[in-house]
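[1] Here is a sequence together with a model predicted from it:
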Amino acid sequence: MLSLRTPIGLGAALSASLAASLLGATSAQAQVINAPSGGFPGGVEGTAVVAQCGNNTVAGSTIFSMTEKFACQIGDKIYSDFFLTNDSNGALSNAAFLFQNVGANHTLAAFGAFLPGTYTFGYTMTVFDALNSGQSLASIRTDALNSAVGDNVPAWTKTLTAITDGPTIDTESSRAGLNQFDNGPVSFPVNDQPVVADFISELFVDDIANNFTPGFSDTVTKKFIDQKVPGPLPILGAAAAFGFSRKLRSRIKQTV
């Protein structure tokens, strides 16, 4: 039986309810491009009102659609601007994506048959109504599910990079033979915690017989409004944040 290494974002809640969530979920729909703003400053790249993505599975073909931009909101976070760079065996396009918000943790998880190869995609996370909520992004973590190839052989490496108008931070989790490595969670500097970040998510599955991983997770931990942070928090607001996000798009694609 496959075992679940539980990072912050997947946690007990996700591992305990995963089967029920996938079986009982409905499919979220992509939003229409070039529609009016959806009730938040600036909209999301011109999309309409964003769907609520909590408790929904979303097909990879919808998230990475070439004809309709996908965006959705869960809690006070908006996911948008998805793009696909590497997709060995088409596993990302055929995966089931699940968005969850448990406490301070927002997790984007993908489930499918990730065979040996490289899987790279990008997306943006923005704090909804950042100017008034006082929330920010505090730390990131990533992980993957172990395959059934055994504990004495390499399996996979999962990385997550966050690019902001301040520092770029990376977190990594890997299973390589008997050595398992996890440097997460990795925190943004306390005075530079952003309200928006562009993410590069990459999974590398080692090329050995019968190897695969059935899923992975990217987790962002938010700062609660009652947590005190030295110095002023960013007050760009969502409109300015999205403008900044678009400027970073070329930087992201140059790194993969």
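    Arrived safely, thanks for sending.
[2] Quick one: residues contacting His106.
    Gly9, Ile74, Gly75, Lys77, Phe99, Gln100, Met125, Thr219, Val220, Thr221, Lys222 (CB atoms under 8 Å, 6 or more residues apart in numbering). C-betas here are computed from N, CA, C, even on glycine.
[3] Show me which positions of whatever helix or strand it lives in end up buried.
    If you go by DSSP states H and E, His106 is part of strand 105-114. For strand 105-114, the neighbour count (16 or more other CB atoms under 10 Å) marks Asn105, His106, Thr107, Leu108, Ala109, Ala110, Phe111, Gly112, Phe114 as buried.
[4] Pretty sure the first one sits against Lys223.
    Which is Asn105. No - with contact defined as CB atoms under 8 Å, Asn105 does not count as touching Lys223 (11.8 Å).
[5] quick one, helices of the stretch 151-256 of the chain?
    237-255 (DSSP state H, counting those that start in this stretch).
[6] the strands in it, which residues?
    Secondary structure of the stretch 151-256 of the chain by DSSP state E, counting those that start in this stretch: the strands cover 154-163, 169-176, 179-182, 186-187, 196-205, 213-223.
[7] other SSEs contacting the strand or helix carrying Gln100?
    For Gln100, the element it lies in under DSSP H and E is strand 96-102. Under the contact criterion of 3 or more CB pairs under 8 Å, 6 or more residues apart in numbering; DSSP states H and E, strand 96-102 touches helix 11-24, strand 56-59, helix 60-63, strand 72-74, strand 105-114.
[8] the inter-axis angle of it versus strand 105-114?
    Computed by axes from the mean of the first three to the mean of the last three CA atoms, to 10 degrees, the angle separating strand 96-102 from strand 105-114 equals 160 degrees.
[9] in the stretch 101-250 of the chain, which segments are predicted with low confidence?
    129-133, 224-250 (pLDDT under 70).
[10] Repeat the analysis, applying 90 as the threshold.
    For the stretch 101-250 of the chain, the stretches with pLDDT under 90 are 103, 127-136, 146-154, 165, 176-181, 184, 190-193, 195, 208-210, 222-250.
[11] residue contacts, the nearest residue to Gln52 once chain neighbours are set aside?
    Leaving out its chain neighbours, the residue that sits closest to Gln52 by CB to CB, 6 or more residues apart in numbering is Gln73, at 6.0 Å. Residues near Gln73 by CB under 8 Å, 6+ apart: Val50, Ala51, Gln52, Cys53, Tyr79, Phe128.
[12] Also Ala96?
    Leu22, Thr57, Val58, Ala59, Gly60, Ala110, Phe111, Gly112 are the contacts of Ala96 under CB under 8 Å, 6+ apart.
[13] Dump the residues you listed into JSON lines; add distance to Glu202 as well.
    Listed next are the contacts of Ala96 as JSON lines, based on distance: CB to CB, whole Å:
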{"residue": "Leu22", "distance to Glu202": "24"}
{"residue": "Thr57", "distance to Glu202": "22"}
{"residue": "Val58", "distance to Glu202": "20"}
{"residue": "Ala59", "distance to Glu202": "21"}
{"residue": "Gly60", "distance to Glu202": "15"}
{"residue": "Ala110", "distance to Glu202": "12"}
{"residue": "Phe111", "distance to Glu202": "17"}
{"residue": "Gly112", "distance to Glu202": "15"}
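[14] Farthest pair within the residues you listed?
    Spanning the widest gap among the contacts of Ala96 are Leu22 and Gly60, at 14.1 Å by CB to CB.
[15] who has more neighbours, the two?
    Gly60 (21 against 12; other CB atoms under 10 Å).
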